[in-house]
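Engineer: Compute the structure for the input listed below.
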Amino acid sequence: MKTEPPSSLETVLDLMLDAVCVVDADGCFVYVSAACESIFGYTQEEMIGRQMMELVAPEDRERTLLAAQQVMSGQPSLHFENRYIRRDGQRVDIMWSARWSEDDQLRVGVARDITRRKRSESLQEAVYAISEAAHNAADLTSLFEQVHQITSRLIPTPSFFVALNAPDQGRPTFAYVRTDGEPARLPLDPAAVLCAEVTRTGQALLLTASSENVCDTLKALTATESFCWLAAPLSTRQGCIGALLLNDTAQNATYCEQDIDLLQFIANQVATAIERKQLQARLERMAQYDELTGLPNRAFLFDRLKTALARARRNDERLSLLYLDLNGFKQVNDGYGHSVGDLLLQAFARRLTQHTRETDTVARMGGDEFVVLLEGSPTAADTAVVVTHILAAMQAPIELAGLALAVQPSIGVAHFPEHGTDEASLLRRADEAMYQAKSASAQQRANNGPVVDIALHQNHR
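Structural biologist: I've put the predicted structure just below:
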């Protein structure tokens, strides 16, 4: 049975900014005030007789139904919050106060639109959450996983892409691609086109079949792809580094114009987080790796050696340490300059890594001194084979800067546990053995030939 309020009361209710809704025991609207149209987008006539739950956002229907049952059992509800779908498809956040009239068998509720407040709170929470993720995430993949979760609390993310520009490639690389929590099975070509477009323009973009004022490439995309896309550039002070992209099927196109600014806001926070994470990674690499050769540096070697020794003691294993020094390196530096010397060190480092196992640690101690850590319980014979391979690898001249340089290293060897039981003693023993080898080699070269064989490249003029 419909209950009509007196006309004077109805006039007063229609003047209220908050909406007054009266719902019967079956959950149908029997009266709504004029403010409902501005909040929900439907006229009073369109809402009366309609099921209330039809307008509730799907993800909130279960708890809304539970709250309604509690109200109908005699428990007034104050400040209950849920989301509704407006007539134009946009979500609106509502705060309700409701009570049940047992005599009239009606539920009377007052609805206040809190969308702006909730959006502001959500955005502030997102800023903090993304900043925390950038600080705590172990790597970029972990960061993107957390950003995906954060974004999904603000906007639907059936498919979520993070595209990063690759300066040395013609198209972006996709650092993160997920569809409903799983690796995305959508074609990446549309995402690459969109990434290129928002990178070029620096502007976020909503792309649907009805999109206008887009370039011919994007028009062709909307004609052939049954997808609704939302994309925003990842802009930093150094320029645009990629894009965030969201995708939904045309049958469930949930994105609208207001989502463009939202995704751009998120993208700005993500771009800052990526920049910070990349800087952190560069600083960590600088602290652990040699800038010239890209090999682990002295500090990294000590950490790796300490860990290897602990493992060897625990498992009753052996390990070997090779200490290498390039014979005649000073002669190259003095005769051809430090730039040629640097090229020689880089070439030597490459050959050294090519002729050792992936499980071995090759490090640069400084200058022309290198160390190779052999794990896996190598015997003295195994270590001798590695030394032979390294020396053989250096027999072929290194061609660089118009020169062919044939340079041999002196190599000293120390074994754990025979020659030392800690990092310092093993390195000292290997260093001493290297100088003994260097002295013997120098004596041999004094008798047989030059310290370093340097010949002009045949094609050099």
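Engineer: Next, the buried residues of stretch 414-429.
Structural biologist: Ala414, His415, Phe416, His419, Gly420, Glu423, Leu426, Leu427, Arg429 (16 or more other C-beta atoms under 10 Å). C-beta coordinates here come from the backbone N, C-alpha and C atoms, glycine included.
Engineer: The strand or helix carrying the last one - contacts with which helices or strands?
Structural biologist: When secondary structure is defined using DSSP states H and E, the element that contains Arg429 is helix 423-448. Under the contact criterion of 3 or more C-beta pairs under 8 Å, 6 or more residues apart in numbering; DSSP states H and E, the helices and strands touching helix 423-448 comprise helix 298-315, strand 319-326, strand 409-416.
Engineer: any weak-confidence spans in the stretch 101-250 of the chain?
Structural biologist: 167-170, 180-188, 216, 219-227, 249-250 (pLDDT under 70).
Engineer: let's see 90
Structural biologist: 116, 118-127, 130-131, 133-141, 152-159, 165-175, 178-202, 205-230, 236-240, 247-250 (pLDDT under 90).
Engineer: what about the strands in it?
Structural biologist: Secondary structure of the stretch 101-250 of the chain by DSSP state E, counting those that start in this stretch: the strands cover 106-113, 159-164, 173-179, 182-183, 205-207, 227-236, 239-249.
Engineer: Now render those strands as TSV, adding mean neighbour count and distance to Leu326.
Structural biologist: Formatted as TSV, these follow (neighbours: other C-beta atoms under 10 Å; distance: least, C-beta to C-beta, whole Å):
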stretch	mean neighbour count	distance to Leu326
strand 106-113	19	75
strand 159-164	24	39
strand 173-179	17	38
strand 182-183	8	47
strand 205-207	22	56
strand 227-236	24	41
strand 239-249	22	40
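Engineer: just to revisit the earlier point, nearest to Val22 among the buried residues of stretch 414-429?
Structural biologist: Val22 lies nearest to Glu423 out of the buried residues of stretch 414-429, by C-beta to C-beta, at 80.0 Å.
Engineer: measure Ala430 to Tyr336 for me?
Structural biologist: Remark: distance between Ala430 and Tyr336 (C-beta to C-beta, to the nearest Å) = 29 Å.
Engineer: Please apply the same query to Gln280.
Structural biologist: Using C-beta to C-beta, we find Gln280 at a distance of 38 Å from Tyr336.
Engineer: Those two: which has the busier surroundings?
Structural biologist: Taking other C-beta atoms under 10 Å, Gln280 and Tyr336 do not tie; Tyr336 has more neighbours (18 against 13).
Engineer: and the nearest residue to Ala34 once chain neighbours are set aside, how far is that from Asp325?
Structural biologist: What sits nearest to Ala34 in space, not counting adjacent residues and going by C-beta to C-beta, 6 or more residues apart in numbering, is Asp14, at 3.9 Å. Distance, Asp14 to Asp325, by C-beta to C-beta: 92 Å.
Engineer: tell me which element Pro386 falls in.
Structural biologist: Actually, residue 386 is Val rather than Pro. Using DSSP H and E, Val386 falls within helix 380-393.
Engineer: Tell me which other helices or strands that helix touches.
Structural biologist: strand 319-326, helix 338-354, strand 369-374, strand 409-416.
Engineer: ok, the residue positioned nearest the centre of the chain to Gln264 distance?
Structural biologist: Centroid-nearest residue in the chain: Leu140, 2.8 Å away (criterion: C-alpha atoms, centre = their mean). The gap separating Leu140 from Gln264 is 21 Å, by C-beta to C-beta.
Engineer: my read: Met394 touches Pro409, true?
Structural biologist: Yes: under the criterion of C-beta atoms under 8 Å, Met394 makes contact with Pro409 at 6.4 Å.
Engineer: For the stretch 351-461 of the chain, give me the ranges with low pLDDT.
Structural biologist: Those would be 355-359, 376-377, 393-408, 437-461, if you go by pLDDT under 90 across the stretch 351-461 of the chain.
Engineer: host element of the closest residue to Arg298 other than its chain neighbours?
Structural biologist: Nearest non-adjacent residue to Arg298, counting by C-beta to C-beta, 6+ apart: Met365, 5.3 Å away. Counting by DSSP H and E, the element that carries Met365 is strand 361-366.
Engineer: So for that strand, what gets flagged as buried?
Structural biologist: Judged by neighbour count (16+ other C-beta under 10 Å), strand 361-366 contains these buried residues: Thr361, Val362, Ala363, Arg364, Met365.
Engineer: Against which helices or strands is the lengthiest helix in the chain packed?
Structural biologist: The single longest helix within the chain, with elements called by DSSP state H, is helix 257-288. Contact here means 3+ C-beta pairs under 8 Å, 6+ apart; on that basis helix 257-288 packs against helix 115-136, helix 140-152, strand 205-207, strand 227-236, strand 239-249, helix 298-315.
Engineer: Contacts only, for Arg298.
Structural biologist: Each residue near Arg298 by C-beta atoms under 8 Å, 6 or more residues apart in numbering is listed here: Ala363, Arg364, Met365, Gly366.
Engineer: mind giving me TSV with those and columns for distance to Gln70?
Structural biologist: Conversion of those to TSV gives the following (distance: C-beta to C-beta, whole Å):
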residue	distance to Gln70
Ala363	67
Arg364	70
Met365	72
Gly366	73
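Engineer: Pull out the buried positions in stretch 316-336.
Structural biologist: 317-329, 332-333, 336.
Engineer: measure it end to end?
Structural biologist: 48 Å (C-alpha to C-alpha, to the nearest Å).
Engineer: Give me the distance between that stretch and the centre of its chain.
Structural biologist: Stretch 316-336 sits 39 Å away from the centroid of its parent chain (C-alpha atoms, centre = their mean, to the nearest Å).
Engineer: Name all residues that make contact with the nearest residue to Cys215 once chain neighbours are set aside.
Structural biologist: Distance criterion C-beta to C-beta, 6+ apart; nearest residue to Cys215, sequence neighbours excluded, is Glu197 at 6.8 Å. Residues in contact with Glu197 (C-beta under 8 Å, 6+ apart) are Leu205, Cys215, Thr217, Leu218, Ala231.
Engineer: From what I see, the last one and Val193 are in contact.
Structural biologist: No: with contact defined as C-beta under 8 Å, Ala231 and Val193 do not form a contacting pair (9.7 Å).
Engineer: joint contacts of Met394 and Pro409?
Structural biologist: What both Met394 and Pro409 touch, as defined by C-beta under 8 Å, 6+ apart, is the set Phe348.
Engineer: Looking at those two, which is more packed in?
Structural biologist: Pro409 (26 against 21).
Engineer: about what we covered before: can you list the buried residues in the helix holding Val386?
Structural biologist: Neighbour counts using 16+ other C-beta under 10 Å place Thr383, Val386, Val387, Ile390 of helix 380-393 among the buried residues.
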